[in-house]
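> below is the structure, and that's it, no one-letter string:
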């Protein structure tokens, strides 16, 4: 059951498209994963899935991504390649922010709120294992989980730091920053899930998001790239954070999201992904200064 407060906010933002959101919430989401090219290749992952009679599809926009329409996560966890870190269970939508950031070899990259580490290892893989990545996580349990994932996926090169990114020295500078901000999670709701939502919780998330995006802008090199993302559909958490960044002097670039990915209306240059059977609801914006 969608809380009335959330229902009203989504209807106010999206009008008749709210029914599409509800349909996405009710769909049984397919298992998706990413080949970890720090350890293997997408072709080897495909061969392992085929050898284990696991049917898969591959989205045209990312050769390392796989959709398993009829499998469940346990089928994947039983694979030796999973235990070895050669693949990583990850939503398709969450693969987009690292792709938009496009890290390159030698670049100094910050992942501000990095646990459990899926996007961090994707960033490193996209750079051919040669970007200089700092990954922050303040929570002890989540940091331990991130360290485990980084180790299993062969990302020991990542500088994992147990700290609140807000505590980083403002004299530091990064070529590229990923801020996948803590949020209400209103894009990831599934049938029967317990939904935690209230106006107070939203306000708390928005305050944190504005602090984090302000910090990101201070840490970003002039001419550098910042990708801001959430797994929320709420404009307060999405366009609201972009507005804060623009107020602080950032400039909005176009987040290049493949046209076949279903979207909801959002500010020009940004992308709000519609939740479906395949995609979680997500928001992505790309900025510079």
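Received, thanks. Since the structure is predicted, the reported quantities are computational estimates derived from the model, not experimental observations.

> how far is the longest helix that the chain contains from where the chain is centred?
If you go by DSSP state H, the chain has its longest helix at helix 199-219. Taking CA atoms, centre = their mean, to the nearest Å, one finds helix 199-219 lying 17 Å from the centre of the chain it belongs to.

> enumerate the positions of whichever helix or strand comes after it that are buried.
For helix 199-219, the following helix or strand on the C-terminal side (DSSP states H and E) is strand 220-230. Under the neighbour-count criterion of 16 or more other CB atoms under 10 Å, strand 220-230 has 220-221, 224-230 buried. All C-beta atoms are positioned from the backbone trio N, CA, C, and that covers glycine.

> so strand 220-230 versus helix 199-219, what angle?
Strand 220-230 and helix 199-219 meet at an angle of 160 degrees, taking axes from the mean of the first three to the mean of the last three CA atoms, to 10 degrees as the criterion.

> show me what the helix or strand following strand 220-230 is packed against.
The C-terminal neighbour of strand 220-230 among helices and strands, as given by DSSP H and E, is helix 239-247. Under the contact criterion of 3 or more CB pairs under 8 Å, 6 or more residues apart in numbering; DSSP states H and E, helix 239-247 touches helix 199-219, strand 220-230, strand 251-253, strand 282-288.

> let's go with 7 Å and repeat that
Applying 3 or more CB pairs under 7 Å, 6 or more residues apart in numbering; DSSP states H and E, one finds that helix 239-247 contacts helix 199-219.

> what residues sit buried inside the helix it packs on?
Those would be 202, 205-206, 208-210, 212-217, 219, for helix 199-219 by 16+ other CB under 10 Å.

> what about residue 110, which SS state?
strand (DSSP: H, G, I helix; E, B strand; the rest coil).

> quick one: neighbours of residue 138, just the number.
15 (other CB atoms under 10 Å).

> secondary structure class of it, three-state.
coil.

> ok, it - contacts?
Listed by CB atoms under 7 Å, 6 or more residues apart in numbering, the contact set of residue 138 reads 162-164.

> state the distance from it to residue 270.
Distance of residue 138 to residue 270, given as CB to CB, to the nearest Å: 27 Å.

> do residue 259 as well
Using CB to CB, we find residue 259 at a distance of 15 Å from residue 270.

> go on, residue 289?
Distance of residue 289 to residue 270, given as CB to CB: 17 Å.

> what do you get for residue 4?
Residue 4 is 27 Å from residue 270, where distance means CB to CB.

> can I get the buried residues of strand 220-230 in TSV including distance to residue 51?
Output for the buried residues of strand 220-230, formatted as TSV (distance: CB to CB, whole Å):
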residue	distance to residue 51
220	45
221	46
224	43
225	39
226	41
227	36
228	40
229	34
230	37
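
> of all the residues you listed, which comes closest to residue 34?
For these, the closest approach to residue 34 (CB to CB) belongs to residue 229, at 15.9 Å.

> can I assume that closest one is in contact with residue 183?
No: assessed by CB atoms under 7 Å, residue 229 is found out of contact with residue 183, at 9.1 Å.

> so what's residue 267 closest to, chain neighbours aside?
Once flanking residues are discounted, residue 267 sits nearest to residue 239: 4.9 Å by CB to CB, 6 or more residues apart in numbering.

> just the pLDDT for that neighbour.
For residue 239, the model assigns a pLDDT of 97.

> what about it, neighbour count?
Using other CB under 10 Å, residue 239 has 17 other residues around it.

> just checking, residue 178 touches residue 225?
No: counting by CB under 7 Å, residue 178 stays clear of residue 225, with 9.4 Å between them.

> any common contacting residues for the two?
Residues within reach of residue 178 and of residue 225 at once, by CB under 7 Å, 6+ apart, are residue 101.

> pLDDT weak spots in the stretch 101-250 of the chain?
Counting by pLDDT under 70, the stretch 101-250 of the chain has no low-confidence residues at all.

> recalculate using a threshold of 90.
191-196 (pLDDT under 90).

> now the angle from the longest helix of the chain to helix 239-247?
Using the same axes, to 10 degrees: helix 199-219 against helix 239-247 is 30 degrees.

> how about the residue nearest in space to the middle of the chain, secondary structure?
Against the mean C-alpha coordinate of the chain, by CA atoms, centre = their mean, the closest residue is residue 94 at 3.3 Å. On the three-state scheme (three-state DSSP), residue 94 is labelled helix.

> what's the nearest residue to residue 10 if we skip its chain neighbours?
Among residues not flanking residue 10 along the chain, residue 18 sits closest, at 5.3 Å (CB to CB, 6+ apart).

> please consider this matter closed, and thank you.
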